[in-house]
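Peer 1: Quick one, structure for this:
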Amino acid sequence: MFSNYIKIAWRNLWKHKTFAVIVVFGMAIAFAAALLLSLTAYHELSYDQFHTNKKNIYQLYFHEQNPRGEESSSSMPVPLAPSLKTEYPDVQYISRYGSSASDIVRYKEKEVDLSIRAVDPDFLKMFTFPIQSGNAQAPLGDLNNIVITEHCAKVLFDKEDPVGKTVEMKNGDTWESYTVTAVAKDFPRNSSFTFDILARFEHFPYYKELINTWDSDNHDVFVQLRDKKDVAAFEKQTFAFIHKYYNDKLTSLKRDGARPDKEGELLRLRTVPLTDIHFSNISGTGAGVNRFYPYLLLIISGFILFIACVNFVNLSLARSFTRSKEIGIRKVLGAMRWQLISQFWGEALIVSLLALAVGLGIAYLLLPYYKQVFYRDMSVDMVRSPLVITYIFGGFLLVTLFAGGYPAWMVSAFKTVETVKGKLPVGKSHRVRNSLMVVQFVLSSLLIISTMIIWQQLNYLRTKPLGYSKEQVISLPVGPNMDPEKALSLMRNRLAKEPRIVSVTGTDMNMGRGRDGSSSTSVMGFDYKNKGIKTNWLRIDYDYLKTMNIQLLSGRDFSRSFGMDTTGVIINETMARQLGEKDPLTAVLDLDGTRLQVIGVVKDFHFKSLHRELAPLTMTVRPNWGMSYIFVRVQPDNLPASMDVIKTAWKEVNPKAPFLGSFLDENTDRTYSGETKLSKIFISGAILAILISCMGLFAIALLAILQRTKEIGIRKVLGASVPHIVGLVSKDFLVLVLIAIVIASPIAWYAMHNWLQSFYYRIDIAWWVFALAGVIALLIAFITLSLQSVKAALRNPVNSLRSE
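Peer 2: As a prediction, the model looks like this:
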């Protein structure tokens with residue numbers, strides 16, 4: 001009998017091709033969008049879940065109460081990890097994690113730029129990076145042992161067995177030999193730890209100089225506690241540890257007026273669970289992704305699927321009017337209610353299966369574009385996960401039950417006498433139908449309003465003056481295979497005669513996020529006139545202010561006529577206010593015994609993203625502080641030609657290094673790539689939601705007009721005009737859309753207000769955003785309704801009256 005229902009269902013769908021195409025197409029788009037968004041959310045939520053010991057692993061960070069408020073930092077001093085393991089038996093394993101001084105590796109005649117991380121031997125005991133070959137018991141047992149990934153083995157050794165081979169890694173100007181003891185499996189895409197080579201932490205830059213230094217923080221520390229150890233109790237146990245090793249800092253904080261927390265502590269060690277690192281803004285290892293982001297994607301995918309389901313329900317009810325006599329005859333012939341439900345649900349099942357198949361195909365075809373525009377880490381392999389397969393088919397069953405079950409239940413409940421006459425008494429109030437329609441447009445309006453506000457904030461970030469000129473400035477990463485000072489000098493000489501070049505300078509910090517993907521900052525504190533001062537430090541070179549077009553408020557710029565000018569510093573306005581001097585140029589800073597005279601004050605400029613408040617900044621040209629980037633200002637005409645000139649010069653100066661130059665305005669845009677992707681997702685979601693909602697609205701209009709065919713004919717006979725009939729049909733639905741906008745507006749305001757709090761510099765949400773969103777929604781709804789109501793109004797009233 002079930003196969004008979006399927007045959008009848010298929011014949012009905014084939015007979016009404018237009019209905020079938022609209023429903024299948026709408027559901028397929030919803031399935032495809034929901035699948036892509038859900039896979040993205042799944043990938044984000046799966047970060048670091050593959051580690052066997054994930055429940056007991058934490059990252060340490062400092063939480064400090066200072067006179068300016070609360071600050072958190074994951075950077076740790078070199079002696080902290082070994083001291084903590086020695087003094088606390090609850091620490092099963094602990095490892096430091098930092099970047100190597102150089103990423104250049106040499107094997108025979110081959111030199112390759114690879115990602116090298118300095119770790120302790122416990123690292124591979126804590127984290128699940130399986131050893132594929134070599135020494136699995138103690139791969140980092142000796143100081144010159146290294147572990148490489150499968151990818152690194154292929155790059156360096158091709159088809160040779162790498163275990164036991166000797167490679168060289170650059171340390172300053174010298175090459176040091178290391179032995180490959182093991183090959184680890186490549187880290188998965190959802191890993192916060194990325195590396196090609198693991199070396200002992202003893203090779204970390206300046207390790208010997210910092211081995212007993214507690215006031216220099218420069219790497220991350222991860223700890224694995226013993227099973228069943230309460231992490232909150234562990235944090236409290238470290239109070240004594242902080243008082244033991246940070247007594248001088250605690251004394252300074254008290255002196256400067258810092259207020260203790262509720263437990264009476266000014267400085268404490270806290271923990272971030274391993275599986276939260278990806279979402280942590282504190283961690284230097286994590287990506288700092290907002291935890292709400294993956295859940296937001298799931299919510300949007302749910303919105304789109306729900307709207308598609310409502311669309312399916314309304315179209316099914318609209319079409320049921322053409323089948324009223326069929327339903328009545330089946331009831332007269334003895335069809336039970338469950339049989340009618342089975343028949344209609346069978347049709348819904350076929351439609352849903354077709355939609356799912358088409359949706360999977362659309363998702364597969366759109367995947368390359370989706371990866372390029374939205375999310376590059378997406379992979380078809382993710383669909384093979386048992387959890388994802390369960391999610392897909394679980395969602396499919398829920399959609400089928402809702403979209404097919406409700407219309408089937410409703411149609412089967414109609415009275416036999418009425419259905420035989422060809423009438424379907426849907427009910428005068430239409431409460432369920434109207435409620436579904438309101439929910440549809442609430443969700444659509446939410447996406448429209450959110451899209452407009454996100455776009456406004458992004459536009460504000462792009463156009464807000466940053467205090468420096470980001471146009472016509474090219475940022476060039478120097479790389480590890482050449483001394484930065486030498487590279488800067490050679491580039492200056494090479495570009496000196498080029499008419500397109502305005503100025504050249506160097507720095508240790510990029511503006512925004514360049515093509516090398518790195519972003520760093522240096523923060524150090526010192527005492528000044530019996531109060532603690534904390535400032536960001538920026539190593540620059542001559543002509544930095546000129547190249548960046550930064551305004552000098554008082555004093556002078558660094559100049560070669562003053563020798564190396566290494567005992568002078570330039571500060572920003574915020575730093576000047578922190579010093580508290582009437583004339584900041586009289587201030588002399590004492591940094592580790594070196595006296596630094598303030599020689600200039602510049603206007604505040606945003607050297608960090610607009611997520612953060614402007615911070616104190618001190619600039620110096622001290623040559624022992626390394627540089628990482630060369631900045632070149634060029635003439636505004638023909639920028640691609642200027643880029644080619646710099647690229648040619650770089651290849652002459654450093655032929656072995658890749659050219660990763662980029663304009664600073666591109667770098668600043670990359671800083672907000674996450675928000676840009678979010679904006680694109682919202683825009684796409686809003687378009688899909690509106691499109692599918694309009695299809696549902698079209699179905700509701702059809703249902704209403706079919707019910708009022710005789711009324712419309714009588715009104716036409718009595719002289720009603722086309723606009724009058726269009727308004728009559730549209731009025732009730734437009735009121736529902738207006739109600740939806742009123743409901744959606746406060747919800748959207750609350751959600752977007754909270755999202756904007758992640759930016760220190762942000763827009764104010766204007767009232768006209770909600771008004772404009774309402775006008776857009778009403779206009780789209782009116783056009784959709786007019787398509788059907790105008791057709792009904794133009795119909796011959798004789799035919800309308802004859803139809804009933």
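Peer 1: Which residue would you name as the spatial centre of this structure?
Peer 2: By Cα atoms, centre = their mean, the chain has its centre lying nearest to Gly674, at 4.1 Å.
Peer 1: Packing partners of the helix or strand hosting that residue?
Peer 2: Per DSSP states H and E, Gly674 falls inside helix 673-707. The contact analysis (3 or more Cβ pairs under 8 Å, 6 or more residues apart in numbering; DSSP states H and E) places helix 673-707 against helix 17-45, helix 292-320, helix 431-463, helix 722-756, helix 767-794. Where you see a C-beta, it was placed from the backbone N, CA and C, and this is true even at glycine.
Peer 1: can you map out the strands along the stretch 201-350 of the chain?
Peer 2: 220-225, 267-273 (DSSP state E, counting those that start in this stretch).
Peer 1: For the last one, which outside residues touch it?
Peer 2: Under the contact criterion Cβ atoms under 8 Å, 6 or more residues apart in numbering, strand 267-273 has outside partners 54, 57-65, 72, 74, 223, 231, 234-235, 238-239, 241-242, 246, 249-250, 253, 261, 280, 282-283.
Peer 1: Please check these and keep the buried ones.
Peer 2: With neighbours counted by 16 or more other Cβ atoms under 10 Å, the contacts of strand 267-273 contain buried members at 54, 57-65, 74, 223, 234-235, 238, 241-242, 246, 249-250, 253, 280, 282-283.
Peer 1: ok so, going back, which one of the strands of the stretch 201-350 of the chain is the most hemmed in?
Peer 2: strand 220-225 (a mean of 24; mean count of other Cβ atoms under 10 Å).
Peer 1: Which strands border that one, and is each parallel or antiparallel?
Peer 2: As defined by DSSP bridges, the strand partners of strand 220-225 come to strand 57-66 (antiparallel), strand 91-99 (antiparallel).
Peer 1: tell me how far it is from the chain's mean position?
Peer 2: Per Cα atoms, centre = their mean, to the nearest Å, the displacement of strand 220-225 from the mean C-alpha position of its chain is 26 Å.
Peer 1: Other residues contacting that strand?
Peer 2: Here strand 220-225 makes contact (Cβ under 8 Å, 6+ apart) with 53, 56-60, 74-76, 80-81, 84, 90-98, 122-123, 125-126, 231, 234, 271, 274, 283-285.
Peer 1: for stretch 582-600, same thing?
Peer 2: So stretch 582-600 is contacted by 524, 526-528, 533, 552, 554-558, 565, 567-571, 576, 579, 581, 601, 618, 620 (Cβ under 8 Å, 6+ apart).
Peer 1: Those in helices, which ones?
Peer 2: Counting by DSSP state H, the part of those found in helices is 576, 579.
Peer 1: quick one: least confident helix or strand in this protein?
Peer 2: Using mean pLDDT, DSSP states H and E, the weakest-scoring helix or strand in the chain turns out to be helix 416-420, at a mean of 54.
Peer 1: tell me the SS of the residue nearest to Ala136 when sequence neighbours are not counted?
Peer 2: Spatially, and ignoring its direct neighbours in sequence, Ala136 is nearest to Ala182 (6.5 Å; Cβ to Cβ, 6 or more residues apart in numbering). Counting by DSSP: H, G, I helix; E, B strand; the rest coil, the backbone at Ala182 sits in strand.
Peer 1: what about the helices in the stretch 251-400 of the chain?
Peer 2: 292-320, 324-332, 337-373, 386-412 (DSSP state H, counting those that start in this stretch).
Peer 1: The closest residue to His724 other than its chain neighbours: neighbour count?
Peer 2: Spatial nearest neighbour of His724, chain neighbours left out: Arg715 (7.6 Å); criterion: Cβ to Cβ, 6+ apart. Arg715 has 18 neighbours, counted by other Cβ atoms under 10 Å.
Peer 1: any idea of the pLDDT on Arg715?
Peer 2: If you check Arg715, the pLDDT there is 74.
Peer 1: wouldn't it be in contact with Gly727 here?
Peer 2: No. Contact criterion Cβ atoms under 8 Å: Arg715 and Gly727 do not qualify, at 11.5 Å.
Peer 1: Name the nearest residue to Leu787, ignoring sequence neighbours.
Peer 2: Phe698 (6.8 Å).
Peer 1: Look up how far Val775 lies from that neighbour.
Peer 2: 20 Å (Cβ to Cβ, to the nearest Å).
Peer 1: Comparing the two, which residue is more hemmed in?
Peer 2: Phe698 (19 against 12).
Peer 1: residue contacts, the more buried one?
Peer 2: Residues counted as contacts of Phe698 (Cβ under 8 Å, 6+ apart) are 784, 787-788.
Peer 1: In JSON lines: the strands paired with strand 220-225, plus mean pLDDT.
Peer 2: Formatted as JSON lines, the strands paired with strand 220-225 follow (pLDDT from 0 to 100):
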{"stretch": "strand 57-66", "mean pLDDT": "90"}
{"stretch": "strand 91-99", "mean pLDDT": "92"}
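Peer 1: Check which helix or strand Ser133 maps to.
Peer 2: Residue-wise, Ser133 maps onto strand 131-134 under DSSP H and E.
Peer 1: Can you dump the C-alpha atoms of the next helix-or-strand element following that strand in PDB for me?
Peer 2: Downstream of strand 131-134, the next assigned helix or strand under DSSP H and E is strand 145-149. This file holds the C-alpha atoms of strand 145-149, laid out as PDB (Å, rounded to 0.1, in the frame of the first residue of the first chain):
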ATOM      1  CA  ASN A 145      66.500  16.400  18.400                       C
ATOM      2  CA  ILE A 146      63.700  17.600  16.200                       C
ATOM      3  CA  VAL A 147      60.300  16.200  15.200                       C
ATOM      4  CA  ILE A 148      59.000  17.000  11.700                       C
ATOM      5  CA  THR A 149      55.500  16.600  10.200                       C
END
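Peer 1: mean confidence score for strand 145-149?
Peer 2: Mean pLDDT, strand 145-149: 94.
Peer 1: which other residues reach the next helix or strand after that strand?
Peer 2: Scanning forward in sequence from strand 145-149 by DSSP H and E, the next helix or strand is helix 150-157. With contacts defined as Cβ under 8 Å, 6+ apart, helix 150-157 is touched by 105, 107, 110, 112, 114, 132, 148, 162, 165, 167, 183-186, 196-197.
Peer 1: which is the next helix or strand following helix 150-157?
Peer 2: Moving toward the C-terminus from helix 150-157, the next helix or strand (DSSP H and E) is strand 166-171.
Peer 1: Identify the residues contacting that following strand?
Peer 2: With Cβ under 8 Å, 6+ apart as the test, strand 166-171 has contacts from 100-102, 104-107, 116, 146, 156, 175-180, 197, 199, 203, 480-481.
Peer 1: Would you list the buried entries among the residues you listed?
Peer 2: When these are checked for burial by 16+ other Cβ under 10 Å, the buried set is 100-102, 104-105, 107, 116, 146, 156, 178, 180, 197, 199, 203, 480.
Peer 1: how about Ser503, phi and psi?
Peer 2: The phi/psi pair for Ser503 (degrees, to the nearest 10) reads phi -160, psi 160.
Peer 1: these two touch, right, it and Asp541?
Peer 2: No. Using Cβ under 8 Å as the test, Ser503 is too far from Asp541 to be in contact (10.7 Å).
Peer 1: out of these two, which sits in the busier spot?
Peer 2: Relative neighbour count places Asp541 above the other of Ser503 and Asp541, with 22 against 19, counting by other Cβ under 10 Å.
Peer 1: List the residues that contact the more buried one.
Peer 2: Going by Cβ under 8 Å, 6+ apart, Asp541 touches 488, 505-507, 558, 621, 627.
Peer 1: okay, and for the stretch 501-650 of the chain, where does confidence drop off?
Peer 2: Low-confidence segments of the stretch 501-650 of the chain (pLDDT under 70): 516-521, 563-564.
Peer 1: quick one: the strands in it?
Peer 2: Secondary structure of the stretch 501-650 of the chain by DSSP E, counting those that start in this stretch: the strands cover 501-507, 522-527, 532-539, 552-555, 568-572, 588-591, 594-602, 617-620, 629-634.
Peer 1: how about those in TSV, adding distance to Ile362?
Peer 2: Below are the strands of the stretch 501-650 of the chain laid out as TSV (distance: least, Cβ to Cβ, whole Å):
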stretch	distance to Ile362
strand 501-507	47
strand 522-527	48
strand 532-539	48
strand 552-555	57
strand 568-572	52
strand 588-591	60
strand 594-602	53
strand 617-620	50
strand 629-634	43
